[in-house]
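S.K.: sequence? don't have it. structure:
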């Protein structure tokens, strides 16, 4: 059973940074794309970014362009999302998900982590 575990969330001040990790089981990164999604209170889950099997990154959310970057450590089976210049609007539960193809739509992903909460507040 494929497993994904997010970590790195917490309380951060506006303008601050945080790095989220998505640790996967087995050789997940060889066979699946990894998407990052977020869900703010009262809002639908939003696709943020996606990492392809070859390491290419697609940013879906215009609001994070230039602020969020995605990387991976294949040896650790881990994908990272570095989040900079955070604003209160970035407050959300952040999820990583695995699927067969990158998509901004949550319903197209097959496996999900439980999420990690990022709260941006002074």
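M.R.: In hand now; what should we look at? As the structure is a computational prediction, the values presented were derived from the model and not from experiment.

S.K.: need the strands for this protein, in chain order.
M.R.: Using DSSP state E, the strands of the chain run over 4-7, 10-12, 18-24, 33-39, 46-51, 57-59, 68-73, 78-83, 92-99, 111-112, 116-120.

S.K.: Can you tell me how far residue 118 is from residue 10?
M.R.: 7 Å (Cβ to Cβ, to the nearest Å). Heads up, the C-betas are built off the backbone N, CA and C, glycines and all.

S.K.: on contacts alone, who are the packing partners of the worst-scoring helix or strand of the chain on mean pLDDT?
M.R.: Sorting the helices and strands of the chain by mean pLDDT, DSSP states H and E puts helix 28-31 at the bottom, at a mean of 89. If contacts are counted by 3 or more Cβ pairs under 8 Å, 6 or more residues apart in numbering; DSSP states H and E, helix 28-31 sits against no helix or strand.

S.K.: For it, what is the distance to the chain centroid?
M.R.: Centroid displacement of helix 28-31 relative to its chain, using Cα atoms, centre = their mean, to the nearest Å, is 16 Å.

S.K.: and what of stretch 69-88?
M.R.: 7 Å.

S.K.: Likewise for stretch 60-78?
M.R.: With Cα atoms, centre = their mean, you get 7 Å for stretch 60-78.

S.K.: Now do the same contact list for residue 18.
M.R.: Counting by Cβ atoms under 8 Å, 6 or more residues apart in numbering, residue 18 touches 8, 9, 10, 12, 83, 86, 118.
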